[in-house]
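# With the sequence up front, the predicted model follows.
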Amino acid sequence: MEEFLNYIGGERRPARSGAWLDSVNPATGKPWARIPASSAEDVDDAVQAAQQALETSGWAYVSAAERAARLRALADAIDTHTERLSEIETLDNGRPLRETRFAQLPGAALQVRYLAGLAENLHGSTVDIRSEAFAYTSWEPIGVTALIIPWNGPLPVFFSKVAASLAAGNAIVVKPAQQATASILEATRLFDEASFPPGLVNVVSGRGSEVGDAVAGHPGIGKISFTGSTETGRHIMQRATVNIKNLLLELGGKSPNIVFADADLDAAVAGVAAGIFTPNAGQACVAGSRVLIESSVYDEFVERLAAHAQSITVGDPMDLSTGMGPIATQAQYDTVRSYLQLGREEGADLAFGGRTTADLVKEGSPLRGGYYVEPTLFATRDNGLRISQEEIFGPVAVALPFDGDDQAVELANDTPYGLAAGLWTEDVRRAHRVTRRLRAGNVWVNTYKAMHWALPFGGHKQSGNGGTANGPTALHEWMDLKAVWMNIG
């Protein structure tokens, strides 16, 4: 098995305890690598390394042009090593290789270049108070920051958040998800290649209950960005109260994808399927897991969606022909299967799907031990069911009929989450009316899951704390605003 090491102070190290954790390939269910099982001591080492790096390198005070140059060198390194990184990412979390290699890594490089440009365009403002005073604002680095990464898309989150924090003049400590760490530890080599000062970026692997808690409560960390479940987000908020940490939380969702009768149904079928089934088997915070369909086209749309779902190739994520890979972990696989059973018990109709590895993979196949669930749709009129309200985080959607704009909006908003929503209609007036009424941080019209680093991204309600991860003000999330009043009279 391959071994990957922590990255602390520019050095690769095992955990202080010498303990290891297995990294499991979800396509086969077998361990393929080992990562350090770190502890609070390792986190403390990383925080101290970050503090020292800020002091010795003067990173907070180097020119914006210098920070931007290092980030552009990082983007070039991502391009150079895309093949290796994408393969590790796919081995580690099961996202199809055609997605990691041809979409996620190239997109990450472009986003890093965008953030480099933002670093060169940070501006404060002057405020006209009175003639004998000069007042202005400035954006300044926080210091040591931290990033806790999810297992469903480690590398894109890692590169975007680390690059933003570095562009703002900070150092950073990263805690990857225990279930998908190897690609992040491998990616630390790119910071050496891009000639970043040692210690500005530190990565400590291990269990959330040990390393994650230590990061959340460490007094030397000024801000934490967390992407993951709402439940874990609540826990981090509680831990962070020790020293009133600034938090950027990007949490779960139960997003509606609304199909009106006047929509281009072919486009809507493809968009709904991509929103919940492909490429990552529904393991996305923005997954369109509630499909709201206008009653007059309900039966037709479900039939079309079933035919489309059956055409999706479920299998080995390393095969470039695979459209949907496995669930990323055994624990999540068990969770998804429990919701399949729950849906039946709650009385929802199984419109299509519902099979798992035992029914999908032949005996003797190396994939027989993998965590596979086929695209699945339940049909119900009850938005109060648990499968209608709770985030399943798998390729399982619930279809609900509606009549008219008002009922569509009522159903769409009837959830504690508010991360994303989609709607399909050829009526531009309806599109504007409905979009204004949807309580979600991200709304797509006649598309779904379309994202760009220049467009802000954040959640409402229990899907986040309103911070925006992308867009022209992305660096502000990693900075403190200072106001200065100077008497000159």
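Perfect, I can see it now. Source: prediction; values computed, not measured.
# For the nearest residue to Ala168 once chain neighbours are set aside, give me phi and psi.
Sequence neighbours aside, Trp478 is the residue nearest to Ala168 in space, at 3.9 Å (criterion: CB to CB, 6 or more residues apart in numbering). (C-beta placed from N, C-alpha, C; glycine too.) Phi and psi for Trp478, reported as degrees, to the nearest 10, are phi -110, psi 20.
# Thought Thr145 was touching Trp478, still the case?
Yes. Assessed by CB atoms under 8 Å, Trp478 is found in contact with Thr145 at 6.2 Å.
# quick one, which of those two is more surrounded?
Neighbour count, other CB atoms under 10 Å: between Trp478 and Thr145, Thr145 has more, with 29 against 24.
# Identify the bridge partners of the more buried one.
Here Thr145 sits in beta bridges with Ile172, Lys223, going by DSSP bridges.
# show me what contacts it?
Thr145 sits next to Ser165, Asn170, Ala171, Ile172, Val173, Ile221, Gly222, Lys223, Ile224, Ser225, Trp478 when contact means CB atoms under 8 Å, 6 or more residues apart in numbering.
# again with Ala15
Shown in contact with Ala15 (CB under 8 Å, 6+ apart): Asn6, Pro36, Ala37, Ser38, Ser39, Asp42, Ser205, Gly206.
# how does it look with 7 Å?
Going by CB atoms under 7 Å, 6 or more residues apart in numbering, Ala15 touches Asn6, Pro36, Ala37, Ser38, Ser39, Asp42, Gly206.
# Which residue ranges make up each domain of the chain?
Domains of the chain are assigned by automatic domain parsing as 2-251+464-486, 256-452.
# I'd like those laid out as TSV, including mean pLDDT and distance to Gly458.
Below are the domains of the chain laid out as TSV (pLDDT from 0 to 100; distance: least, CB to CB, whole Å):
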stretch	mean pLDDT	distance to Gly458
domain 2-251+464-486	96	5
domain 256-452	98	5
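# Out of the contacts of Thr145, which comes closest to Gly466?
Ser225 (13.4 Å; CB to CB).
# hang on, Ser295 packs against Leu400?
No. If you go by CB atoms under 7 Å, Ser295 and Leu400 don't touch, sitting 10.1 Å apart.
# of those two, who's got more company?
Taking neighbours as other CB under 10 Å, Ser295 and Leu400 compare with Leu400 leading, 25 against 12.
# beta partners of the more buried one?
Leu292.
# ok, it to Pro197 distance?
Computed as CB to CB, to the nearest Å, the Leu400 to Pro197 distance reads 53 Å.
# Kindly report the same for Glu477.
Look at Glu477 and Pro197: by CB to CB, they are 22 Å apart.
# out of these two, which sits in the more crowded spot?
Taking neighbours as other CB under 10 Å, Glu477 and Pro197 compare with Glu477 leading, 22 against 17.
# So that one belongs to a helix, correct?
Yes. Assigned with DSSP: H, G, I helix; E, B strand; the rest coil, Glu477 falls within a helix.
# looking at it, it is touching Gly464, isn't it?
No. In this structure, Glu477 is not within contact of Gly464 by CB under 7 Å, at 11.8 Å.
# Break down the stretch 51-200 of the chain into its strands, ranges please.
In the stretch 51-200 of the chain, the strands defined using DSSP state E, counting those that start in this stretch lie at 125-127, 133-141, 144-148, 171-175.
# Among the ones you listed, which comes closest to Asn470?
Using CB to CB, the strands of the stretch 51-200 of the chain put strand 144-148 closest to Asn470, at 14.9 Å.
# count of neighbours near Lys30?
A count of nearby residues for Lys30, using other CB under 10 Å, gives 13.
# Report the contact partners of it.
Taking CB under 7 Å, 6+ apart as the criterion, Lys30 is in contact with Val24, Gly369.
# Let me know the distance separating it from Ala182.
Separation of Lys30 from Ala182 (CB to CB): 14 Å.
# What about Asp334, how many residues nearby?
Counted with other CB under 10 Å, residues neighbouring Asp334 total 11.
# got it, and Glu132?
Here the number of neighbours of Glu132 (other CB under 10 Å) works out to 9.
# Could you do Met237 as well?
Around Met237 there are 16 other residues, counting by other CB under 10 Å.
# Please apply the same query to Gly117.
Gly117 has 14 nearby residues by other CB under 10 Å.
# In contact with it, which residues?
By CB under 7 Å, 6+ apart, no residues touch Gly117.
# Leaving out chain neighbours, which residue sits closest to Leu305?
In space, and not counting its chain neighbours, Leu305 is closest to Val269: 5.3 Å by CB to CB, 6+ apart.
# tally of neighbours for the one you found?
Neighbourhood size, Val269 [other CB under 10 Å]: 22.
# so it makes contact with Arg304?
Yes. Shown here, Val269 and Arg304 form a contact pair, counting by CB under 7 Å, at 4.8 Å.
# quick revisit: just the element for the residue nearest to Leu305, please.
helix 265-276 (DSSP states H and E).
# just checking, what packs against that helix?
Here helix 265-276 touches strand 256-259, helix 298-310, strand 420-424, going by 3 or more CB pairs under 7 Å, 6 or more residues apart in numbering; DSSP states H and E.
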